[in-house]
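Peer 1: Sequence and predicted structure, then a few things I'm wondering about:
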Amino acid sequence: MVNALLKLNQTSSLTNLSRSKIYADIKEGIFPPPIRLGVRSVAWVDHEINEWMQARIAGKSHDELKKLVG
């Protein structure tokens, strides 16, 4: 399985969420956190974002999203 890493602008574009909404949802525990690439660089694993989007499309609750992300 090949995983791609998505930078913030790619993640934002895929999810149609703003930077501030992504980080607010991470803080709330309902959006996958990024992985650290360096001191000032992070990225998201594509399959985690795809799973999150499928869960949103399926109408999963915040509690169900927390379980998915956690």
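Peer 2: It's in.
Peer 1: so what does the longest helix along the chain touch, helix or strand wise?
Peer 2: For the chain, the helix reaching the highest residue count under DSSP state H is reported as helix 46-57. Judged by 3 or more Cβ pairs under 8 Å, 6 or more residues apart in numbering; DSSP states H and E, the packing partners of helix 46-57 are strand 5-6, helix 8-15, helix 62-69. In short, each C-beta sits where N, CA and C put it, glycine included.
Peer 1: Could you rerun that using 7 Å?
Peer 2: helix 8-15, helix 62-69 (3 or more Cβ pairs under 7 Å, 6 or more residues apart in numbering; DSSP states H and E).
Peer 1: Give me the angle between that helix and helix 8-15.
Peer 2: 30 degrees (axes from the mean of the first three to the mean of the last three Cα atoms, to 10 degrees).
Peer 1: could you give me the average pLDDT of helix 46-57?
Peer 2: For helix 46-57, mean pLDDT is 96.
Peer 1: Could you tell me which residues within that helix count as buried?
Peer 2: Asp46, Glu48, Ile49, Trp52, Ala55 (16 or more other Cβ atoms under 10 Å).
Peer 1: circling back: so which of the helices and strands packed on helix 46-57 gets nearest Lys27?
Peer 2: helix 62-69 (11.5 Å; Cβ to Cβ).
Peer 1: how about the closest one: buried residues?
Peer 2: Applying 16+ other Cβ under 10 Å to helix 62-69 flags Leu65, Leu68, Val69 as buried.
Peer 1: Touching it from outside, list them.
Peer 2: The contact list for helix 62-69 (Cβ atoms under 7 Å, 6 or more residues apart in numbering) reads Gly29, Ile30, Phe31, Pro32, Glu51, Trp52, Ala55.
Peer 1: Mind exporting the C-alpha coordinates of that helix to CSV?
Peer 2: C-alpha atoms of helix 62-69 as CSV (Å, rounded to 0.1, in the frame of the first residue of the first chain):
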residue,chain,number,x,y,z
HIS,A,62,-18.8,13.6,16.2
ASP,A,63,-18.4,10.6,18.6
GLU,A,64,-18.0,8.2,15.7
LEU,A,65,-15.4,10.6,14.1
LYS,A,66,-13.5,10.7,17.4
LYS,A,67,-13.3,6.9,17.4
LEU,A,68,-12.1,6.9,13.8
VAL,A,69,-9.5,9.5,14.5
